[in-house]
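Participant: Here's my sequence, what's the structure:
(2 chains)
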Protein chains: 2
Amino acid sequence: MDALGREAVVARRVLAASAGEQRNRALHAMAAALRAQQSHVLAANERDVAAATQAGLGKAALDRLSLDGTRVEAMARGVEEIAALPDPISAVIAEWTRPNGLRIQRVRVPLGVIGIVYESRPNVTCDAGALCLKSANAAILRGGSESHHSSTAIHECLVAGLRAASLPDACIQLVPTTDRAAVGMMLAGLDGAVDVIVPRGGKSLIARVQQEARVPVIGHLEGICHVYVDKAANLEMARAIVLNAKLRRTGVCGAAETLLVDTAAEHTHLAPLVRALLDAGCEVRGDVATRAVDARVVPASEQDWHTEYLDAILSVRLVDGVDGAIEHIARYGSDHTESIVTDDAATAERFLGRVDSAIVLHNASTQFADGGEFGMGAEIGISTDRFHARGPVGVEQLTSYKYVVRGSGQTRP
Amino acid sequence: MDALGREAVVARRVLAASAGEQRNRALHAMAAALRAQQSHVLAANERDVAAATQAGLGKAALDRLSLDGTRVEAMARGVEEIAALPDPISAVIAEWTRPNGLRIQRVRVPLGVIGIVYESRPNVTCDAGALCLKSANAAILRGGSESHHSSTAIHECLVAGLRAASLPDACIQLVPTTDRAAVGMMLAGLDGAVDVIVPRGGKSLIARVQQEARVPVIGHLEGICHVYVDKAANLEMARAIVLNAKLRRTGVCGAAETLLVDTAAEHTHLAPLVRALLDAGCEVRGDVATRAVDARVVPASEQDWHTEYLDAILSVRLVDGVDGAIEHIARYGSDHTESIVTDDAATAERFLGRVDSAIVLHNASTQFADGGEFGMGAEIGISTDRFHARGPVGVEQLTSYKYVVRGSGQTRP
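Facilitator: Numbering: from 1, shown residues only, chains lettered A, B, ... in the order given. So this is what the prediction gives:
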């Protein structure tokens, strides 16, 4: 592992000095290799899926692990889309001249070496490797053991792309899953080699990373997202947004987990919203008022307000206007994404200003919490941290900056 | 301590919703209180200085601890300068509209609760408190025990300012130094209350923070700053820059610690530079070539290249051109601030591009490494991290951002 770290540090310096055009060349060659090696990747994936099936892996996990031609093609196209993004490196973010004539520029630079620890989604090998390369960072990837053969085959395609552009293999390294101590060593920073850790996975992985990491983490905790329907909400709009926020995809972090309805809208909005959810096949766990609407509503416990279901389940309660919603979210939310539905502009602004989440929306679905939907291109996750990156983490968020100062002999008085 | 954390979390929410004008009003009232209470502050400081003298505190530490009328006035003026800075909060950093009509804004918000751990410079109480308030962060200050009475008296002035602007006292809290466990609890995050730790002090404090902190740190490690004099350097400019970079103030982190001279300039630049330093009273520790210049030069050991002297001592050696300088800095530098002196534009660009430090300068003194000199106003330190903030840490660097999205009923397909 230490050798891996040392090679990453060398590769990082090569990348920091590389042109964006060279990195894009590698990305296009990676996409080509993924397509050319598709049958090899799928054969490797079959071995993983067979072993996982025998080991009794759950259905959802098996689905995340499984590849087919469409998914490999989607990976290749994803890499090409990353190549098409503007080069984040060397961009001048700001510049100004001081009264003494010093010209100061703030210039974007890579973070350095990024360690990515993930579970058994083989496409993360590809996405994360490509995002790191685009942002000129060296990547050390450590995937779950269930996806070992798939990740190895995908990684071979990435290395083929690096070679085609004359970049060192060590720009994207894959840690053998046989090395059980590897994750701990990565979290400890590999003797100073790792600059940042990005975990991708479920709660237990994230908890371990938060606990053990001795280097900065771009974290992604729970998404307990809320929709608040105000008394001044258009009912049709509210219904469309609530259904979409909860049910478009239930397993994503931007899915709504709690619906808050203005007490003043109890008799106008609550029943139609709850029935629409129930009729769409969603389980509703409600407070007293919500249970009074329909016999299918089950009681919500205190724990429900703290729960990220990632399933077709929604907790529903009345709150005392926008301030009640703000209070509830401050107490139970996870600072991820919250939406208000209202036609009252002042109420909307109060919510947008006071709710302290990475993403706050007015009259739009929480499922827009996504780097692609924000127009930022591919993302490595949604950060619920306040430090460094917040919200979608795309190539720009994988960079740092430095100050370049040009003078003509200035000394400081 | 837990009560302190809880109160900070409440204050943080008040601050996040406060207007910049209200915070500025508090800052002006703080400056007025410092002036009105000057004799009280000086009396408290006398008690600290007397106790520290008796305890045998060193001369430099005593100087850092001591206040007089001029220093109190400088603190008051510093607070007024912070008030005069633009409000960093609620500023829209970027905005764009998506094809589906969603209007996305990236808006600056406070970090939250900042824990500041420092040693016995009483002015840090004032500077750090004011910078946190300007950026709408709640501050928990923990200073060294030697400055306890001074910090308490200064803190009273800050609280008077908060009250004058109807802001809660808990916006700036001072931890009693009698509580020995307080630093450890702050570094552990006070049960989730602390968002960021900013250490201000010497190596042992920083090392402890890096070791123990369970929350993000805006760190400030060593400043082993280099000046590289290229063969194409104007000798007069090089002499002025080297003398200024080393000797203007030797105790600041932007002071140069190593001079690198191009081998090709050995016979033109080395001797005049070394003699100018020696004649100005600087100890020079050199390699073989440097020792050949003057009998007063003492031999440099391997350890010298790793050393931040913070004193009138400079290590000097020849390097093989700009690439030799880049190599030396990559090996021994601390990623803080480095300067190249040359009239060759291409050589300068190579250095500015390849040296991976927070600040790189061309034809200017390393002593410009300072938020004030950058036009950013007061700073809380110079970050040598790559994560979140790099270089001078002023009010903008004490902020995060969130995304505010305004729609008209959009749902995600």
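
Participant: so who does whichever residue of the stretch 151-300 of chain A sits closest to chain B touch?
Facilitator: Each residue of the stretch 151-300 of chain A has a distance to chain B, by C-beta to the nearest C-beta, and the smallest belongs to A:Asn244, at 3.6 Å. Every residue, glycine included, has its C-beta placed from N, CA and C. With contact set as C-beta atoms under 8 Å, 6 or more residues apart in numbering or on different chains, A:Asn244 has these partners: A:Ser365, A:Gln367, B:Thr411, B:Arg412.

Participant: which secondary structure elements does the helix or strand containing A:Thr70 contact?
Facilitator: Using DSSP states H and E, A:Thr70 sits within helix A:69-84. Contact analysis of helix A:69-84 by 3 or more C-beta pairs under 8 Å, 6 or more residues apart in numbering or on different chains; DSSP states H and E lists helix A:20-36, helix A:38-54, helix A:122-134 as its packing neighbours.

Participant: who's A:Ser400 bridged to?
Facilitator: In this structure, A:Ser400 has the following beta-bridge partners (DSSP bridges): A:Val109.

Participant: Now do the same for A:Gly192: its pLDDT.
Facilitator: With respect to pLDDT, A:Gly192 has a value of 89.

Participant: In contact with it, which residues are there?
Facilitator: Contacts here follow C-beta under 8 Å, 6+ apart; on that basis A:Gly192 touches A:Gly5.

Participant: one more time with 10 Å, if that's ok
Facilitator: In this structure, A:Gly192 makes contact with A:Gly5, A:Val9, A:Val113, A:Val215, judged by C-beta atoms under 10 Å, 6 or more residues apart in numbering or on different chains.

Participant: Redo the residues you listed as TSV? Include neighbour count and secondary structure.
Facilitator: Compiled in TSV, the contacts of A:Gly192 are given as follows (neighbours: other C-beta atoms under 10 Å in any protein chain shown; DSSP: H, G, I helix; E, B strand; the rest coil):
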residue	neighbour count	secondary structure
A:Gly5	21	helix
A:Val9	20	helix
A:Val113	28	strand
A:Val215	18	coil
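
Participant: Quick check: the two most widely separated of those?
Facilitator: Among those, the pair separated by the greatest distance (C-beta to C-beta) is A:Val9 and A:Val215, at 13.6 Å.

Participant: starting at the chain centroid, how far to the least confident helix or strand in chain A by mean pLDDT?
Facilitator: Across the helices and strands of chain A, mean confidence by mean pLDDT, DSSP states H and E is lowest for helix A:203-212: a mean of 84. Mean-position distance between helix A:203-212 and its chain equals 16 Å (C-alpha atoms, centre = their mean, to the nearest Å).

Participant: Show me what that helix is packed against.
Facilitator: If contacts are counted by 3 or more C-beta pairs under 10 Å, 6 or more residues apart in numbering or on different chains; DSSP states H and E, helix A:203-212 sits against strand A:113-118, helix A:182-187, strand A:196-200.

Participant: Mind putting those into JSON lines with mean pLDDT and distance to B:Ala74?
Facilitator: Rendered in JSON lines, the data for the helices and strands packed on helix A:203-212 read as follows (pLDDT from 0 to 100; distance: least, C-beta to C-beta, whole Å):
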{"stretch": "strand A:113-118", "mean pLDDT": "95", "distance to B:Ala74": "42"}
{"stretch": "helix A:182-187", "mean pLDDT": "92", "distance to B:Ala74": "44"}
{"stretch": "strand A:196-200", "mean pLDDT": "92", "distance to B:Ala74": "38"}
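
Participant: Let me know which of the ones you listed is tucked in deepest.
Facilitator: With neighbours defined as mean count of other C-beta atoms under 10 Å in any protein chain shown, the helices and strands packed on helix A:203-212 peak in mean count at strand A:113-118, which reaches a mean of 27.

Participant: then that strand to CSV, C-alphas only?
Facilitator: Presented in CSV, the C-alpha positions along strand A:113-118 are these (Å, rounded to 0.1, in the frame of the first residue of the first chain):
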residue,chain,number,x,y,z
VAL,A,113,-4.4,12.4,-4.5
ILE,A,114,-8.0,11.3,-3.9
GLY,A,115,-8.8,8.1,-2.2
ILE,A,116,-12.2,6.6,-3.1
VAL,A,117,-13.7,3.9,-0.9
TYR,A,118,-16.9,2.4,-2.3
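
Participant: Listing partners with orientation, what would you give for that strand?
Facilitator: Each strand pairing with strand A:113-118, determined using DSSP bridges, is listed with its direction: strand A:138-142 (parallel), strand A:196-200 (parallel).

Participant: before we move on, back to that, just name the most buried of the helices and strands packed on helix A:69-84.
Facilitator: Mean neighbour counts were taken over the helices and strands packed on helix A:69-84 using mean count of other C-beta under 10 Å, and the top value, a mean of 26, falls to helix A:122-134.

Participant: residue ranges of the helices in the stretch 201-350 of chain A, please?
Facilitator: In the stretch 201-350 of chain A, the helices defined using DSSP state H, counting those that start in this stretch lie at A:203-212, A:235-247, A:271-279, A:288-291, A:321-332, A:345-354.

Participant: B:Val360 is nearest to which of those helices?
Facilitator: When the helices of the stretch 201-350 of chain A are ranked by proximity to B:Val360 (C-beta to C-beta), helix A:203-212 comes first, at 32.8 Å.

Participant: Give me the residues contacting that closest one.
Facilitator: Contacting residues not belonging to helix A:203-212 are listed as A:115, A:117-119, A:144, A:183-184, A:186-188, A:197-201, A:217, A:219-222, A:308, B:214 [C-beta under 10 Å, 6+ apart].

Participant: could you check the angle strand A:113-118 makes with that helix?
Facilitator: Here helix A:203-212 points in a direction 140 degrees away from that of strand A:113-118 (axes from the mean of the first three to the mean of the last three C-alpha atoms, to 10 degrees).

Participant: domain assignment for chain A?
Facilitator: Described in terms of automatic domain parsing, the domain architecture of chain A consists of the residue ranges A:2-218+A:393-405, A:225-368.

Participant: Give me the distance between the two termini of the last one.
Facilitator: In this case it means domain A:225-368. The distance separating the two terminal residues of domain A:225-368, taken as C-alpha to C-alpha, to the nearest Å, comes to 12 Å.

Participant: how far does it sit from the chain's center?
Facilitator: Distance, centroid of domain A:225-368 to centroid of chain: 22 Å (C-alpha atoms, centre = their mean).

Participant: for the record, mean pLDDT for it?
Facilitator: Across domain A:225-368, the per-residue pLDDT values average to 97.

Participant: coming back round to it: take the helices and strands packed on helix A:203-212 and lay them out in CSV including distance to B:Gly321.
Facilitator: CSV is the format used below for the helices and strands packed on helix A:203-212 (distance: least, C-beta to C-beta, whole Å):
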stretch, distance to B:Gly321
strand A:113-118, 28
helix A:182-187, 37
strand A:196-200, 33
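
Participant: Out of the ones you listed, the one nearest B:Trp96 is which?
Facilitator: Using C-beta to C-beta as the measure, strand A:196-200 is the one of the helices and strands packed on helix A:203-212 that comes nearest B:Trp96, at 25.2 Å.

Participant: so that closest one versus helix A:122-134, what angle?
Facilitator: 150 degrees.
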